[in-house]
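Q: Task: produce atomic coordinates for the following.
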Amino acid sequence: MTPLTDPTGVFAAAQSGTPRCVVLFLAKRQVAPSPADLAGIATVLRRLQSQGWLLSVRAMLAPNFVDEPTGYATGFAHDIDIGGMFEAPSMTAAMAGTVALEQAGWGKLFTTEWLLGPREFAAVQGAQPDRDRPWGFLALWEWNDAWSAATPEERRDYDAECDVAFASDLASGIDIAGRHRLDWASRWHHLGAWEAESPAAIDAAMREHERAADFKFTTSRHYIGRRTPLLALIGSAA
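A: Numbering: from 1, shown residues only. Here you go, the predicted model:
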């Protein structure tokens, strides 16, 4: 796969890693789960984990992390109740696993926007790697008409400006789970996921990205949520 953009200095510093495919889920609850629904979804999650899936953003950032399926509680601020992402070993596995989850009961409990796509850039950890980062931030963006009309030199200058903001994110302690490409089956070109110490840390980072004019070439959608074990999130209305 050819990346849509070249890695910036921040991401070029990370190792490329094994190719993987993201499974992003943005879910709105429809009905409360039954014990059978929870058991069925838990069984599928265990099977996916045994097949090499990563079921939390934390596991993508810290390979030694004991992986537990997690998502983000987003209902306090958004029109979805749960957001989160997995990584599958391949695109075929990602599609099959998504169908299996839907059939196990997920499809009855939620209306879900599933977005799949290959990893472009590897994850990079911020300063003080042992710090707890219980808040997630999911960013979807598409390149706008101004980016399409920009010259190669203008795009390189823009990438350099954004790299300053990304470096500031890492220095502030934010972890960045690389970048995934979504445009093969979505209006969105890319997905970025962060984990941070607090909403205030994310807000400060966004101000730096605004200052660096990160958004002049993009249209974006952002979600923020508290990291929570996924089965607890799904069962919270049981």
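Q: Any stretches of the protein with poor pLDDT?
A: When residues are selected by pLDDT under 70, those of the chain lie in 1-6, 12-17, 237-238.
Q: try 80
A: The chain contains residues with pLDDT under 80 at 1-18, 63-65, 213-214, 237-238.
Q: what residue lies at the spatial centre of it?
A: Closest to where the C-alpha atoms of the chain average out (C-alpha atoms, centre = their mean) is Ala193, at 3.7 Å.
Q: Beta-bridge partners for that residue, please?
A: Per DSSP bridges, the residues bridged to Ala193 are Leu138.
Q: Give me the neighbour count for the closest residue to Leu231 other than its chain neighbours.
A: Nearest non-adjacent residue to Leu231, counting by C-beta to C-beta, 6 or more residues apart in numbering: Ala42, 5.9 Å away. The C-beta positions use only the backbone N, C-alpha and C, and glycine is treated the same way. Neighbours of Ala42 under the rule other C-beta atoms under 10 Å: 17.
Q: The residue nearest to the centre of the chain contacts Arg133, doesn't it?
A: No: using C-beta atoms under 8 Å, Ala193 and Arg133 do not qualify as a contacting pair, with a distance of 11.4 Å.
Q: one step back: on contacts alone, who are the packing partners of the host helix or strand of the residue nearest to Leu231?
A: Following DSSP states H and E, one finds Ala42 within helix 35-50. Secondary-structure packing of helix 35-50 (3 or more C-beta pairs under 8 Å, 6 or more residues apart in numbering; DSSP states H and E): helix 91-101, helix 230-234.
Q: surely Ala212 meets Ala160?
A: No: proximity of Ala212 to Ala160 does not meet the contact threshold set by C-beta under 8 Å, at 9.6 Å.
Q: Give me the more crowded residue out of the two.
A: With neighbours defined as other C-beta under 10 Å, Ala212 and Ala160 compare such that Ala212 has more, 18 against 12.
Q: Now that one: closest residue in space, sequence neighbours ignored.
A: On the basis of C-beta to C-beta, 6+ apart, the spatially nearest residue to Ala212 that is not a chain neighbour turns out to be Ala165, at 4.2 Å.
Q: Next, give phi and psi for the nearest residue to Leu45 once chain neighbours are set aside.
A: With C-beta to C-beta, 6+ apart as the measure, Pro69 is the residue that lies nearest to Leu45, at 5.0 Å, once sequence neighbours are left out. Main-chain torsions, Pro69, degrees, to the nearest 10: phi -60, psi 120.
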